[in-house]
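> Could you look at this predicted model? Sequence included:
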Amino acid sequence: MILDFDSEQPIYIQLAEAIEDDILKGIMEEDSQIPSTTDMSVALKINPATARKGVNLLVDEGILYKKRGVGMFVTVGARRKVMLKRKARFYESFVVTLLDEAEKLDISHQELVEMIERGLPDE
Amino acid sequence: MKGAYLMSRIEIKGLTKIYGDTVALDNVDLSLEGETIYGLLGRNGAGKTTLLNLLTGKTHPTTGRVTIDGEPVWENDSALGNVFYMTEPNLYPQSLRVRDVLKWTAEFYPDFDVNYADELAQRFGLNTKKKVKELSTGYASIFKAILALASGAKILLFDEPILGMDANHRELLYKEILAHYSEKPKTIVLSTHLIDEIADLLEEVIIIKKGQVILKQTVEDLLASAHTVSGEASKVDSYIQGRKCIAWEQLHNFKSAVIFGSDQDRTLAKSLDLEVHQPELQKLFIGLTNS
């Protein structure tokens, strides 16, 4: 789990996204326990309240759940949930930025499409 | 989770300290609610140490008062038994060995945890057979920080805790403070002018300038209340008109400014073709305490 402390996002949102990344990559598996907020706080050197806030964000979205007296777990179906959420944001976060930069550089639509095709693995 | 046991609430009312013709602290009102990690931030000479000295009854206020859980601190051992103050100068008897100071401190603090102190000494590589005067600046800081963490006090005040410590030891100390705090929630005050490294450890900041507390706020709210705008100088200039700008930098035709403003302001700035960013705590601190 890595946080980018130069990012303009508040730390607790970065933490939530880092956990989501780990779920997407399968580092944190569904129905398995994840590190406690204390462990995250110490490992990432962030205030425990910040860590709790980040984790609670995902609990509210049903991506994580608490087992009383045991700890925090990844919900079954969380990976799909995260994926859908990220896909919904993909256009805003990546495509719009890509087009902005392309416009600054006078990259034509044709060139843009060619570059994307070049980047795609052969099917 | 908060309020599980005695809160150790610190109340400061109308606190003023005058040395000769210098007003070191000017009519400060402040309350620290407990179970929080506070950053007491200020430039050199702003009054941080004076405030901590008054909090712990080390010096007498000119006027005003300090209470802990309602009890005045001056000459009150029961109120101060809950407080451990890690001072910047090393005030321990220089000829004593480190392990003897540990034993000696345990006499004063009934909840002092000797095993924990030994564990910490081992983790930091502090040789407890050494005499206090033989410690380097970095190890003197480590030694004092260990006493604070192991003291068992409900209020830990650290004045410039990382003085002379190398990067590895600083990182270890931050982690130990967080682990300790998670296990035994208490009031922790980190007083420092080195903000960058501790910014994310803090829940609340208290900013002190020329003897006055100019701000007490959660880090999250403070950061959310400010933004940096940058872009073409003329555009930035017209945006900052009528807004609270605390700092700016200009390089040729490019200008960047730190502004206090709302989310609507951020949206407006973006629509004006300005880049909007989140300033770091340190940047805000510099802006708020300059001049």
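Noted; the coordinates are in hand.
> Could you report the neighbour count for the residue of chain A found nearest chain B?
As assessed by CB to the nearest CB, chain B sits closest to A:E8 within chain A, at 3.6 Å. No exception for glycine: its C-beta is placed from N, CA and C like everyone else's. Around A:E8 there are 14 other residues, counting by other CB atoms under 10 Å in any protein chain shown.
> Now do the same contact list for the closest residue to chain A within the stretch 51-200 of chain B.
The nearest approach of the stretch 51-200 of chain B to chain A comes at B:S182, 4.0 Å away (CB to the nearest CB). Under the criterion of CB atoms under 8 Å, 6 or more residues apart in numbering or on different chains, the neighbours of B:S182 are A:37-38, A:41-42, A:48.
> again, only using 6 Å
A:38, A:48 (CB atoms under 6 Å, 6 or more residues apart in numbering or on different chains).
> would you say it is within a strand?
No - B:S182 is assigned helix when assessed by DSSP: H, G, I helix; E, B strand; the rest coil, not a strand.
> if I look at it, how far off is A:R52?
10 Å (CB to CB, to the nearest Å).
> do B:F285 as well
25 Å.
> So for those two, which sits in the more crowded spot?
Neighbours per residue (other CB under 10 Å) separate B:F285 from A:R52, with B:F285 holding more: 25 against 18.
> Quick check: that one touching B:D196?
No - using CB atoms under 6 Å, B:F285 is not in contact with B:D196, being 9.6 Å away.
> okay, now the domains of the chain?
In the absence of a named chain, chain A is used. Using automatic domain parsing, the domain parsing of chain A gives A:11-77, A:79-119.
> meant chain B actually
With automatic domain parsing as the reference, chain B has domains B:10-221, B:225-289.
> okay, the domains of chain A, which one's buried deepest?
domain A:11-77 (a mean of 17; mean count of other CB atoms under 10 Å in any protein chain shown).
> For it, measure first residue to last.
25 Å (CA to CA, to the nearest Å).
> and the worst-scoring helix or strand of chain B on mean pLDDT, which residues are buried?
Lowest mean confidence among the helices and strands of chain B (mean pLDDT, DSSP states H and E): helix B:77-80, at a mean of 80. Neighbour-count burial for helix B:77-80 flags B:79-80 (criterion: 16 or more other CB atoms under 10 Å in any protein chain shown).
> and the one residue in chain B that gets nearest to chain A, how many neighbours does it have?
Nearest residue of chain B to chain A (CB to the nearest CB) works out as B:Q278 at 3.6 Å. Neighbourhood size, B:Q278 [other CB under 10 Å]: 16.
> Enumerate every residue touching the residue nearest to B:S225 when sequence neighbours are not counted.
Leaving aside its chain neighbours, B:S225 sits nearest to B:F260 (5.7 Å; criterion: CB to CB, 6 or more residues apart in numbering or on different chains). Neighbouring residues of B:F260 by CB under 6 Å, 6+ apart: B:225-226, B:244.
> coming back round to it: the residue of chain A closest to chain B: what secondary structure?
Per three-state DSSP, A:E8 ends up coil.
> List the contacts of it.
Contacts of A:E8 (CB under 6 Å, 6+ apart): B:277-278.
> Tell me how far it lies from B:A224.
For A:E8, the distance to B:A224 - CB to CB - is 11 Å.
> Also B:E88?
B:E88 is 32 Å from B:A224, by CB to CB.
> Helices of the stretch 151-291 of chain B, start to end?
B:167-183, B:219-224, B:233-240, B:263-271, B:281-289 (DSSP state H, counting those that start in this stretch).
> So for the third one, mean pLDDT?
Spelled out, that is helix B:233-240. Helix B:233-240 carries an average pLDDT of 94.
> how about the residues of the stretch 101-250 of chain B that lie near chain A?
Proximity of the stretch 101-250 of chain B to chain A is confined to B:174-175, B:178-179, B:182, B:200-201, B:203 under the rule CB under 6 Å from any CB of the partner chain.
> farthest-separated two in the residues you listed?
Taking CB to CB as the measure, these span a maximum distance of 16.7 Å, between B:K175 and B:E203.
> interface residues of chain A facing chain B?
A:8, A:11, A:38, A:41-42, A:45-49.
> can those residues go into CSV with extra columns for pLDDT?
Compiled in CSV, the residues of chain A next to chain B are given as follows (pLDDT from 0 to 100):
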residue, pLDDT
A:E8, 71
A:I11, 91
A:T38, 94
A:S41, 96
A:V42, 95
A:K45, 94
A:I46, 95
A:N47, 96
A:P48, 96
A:A49, 95
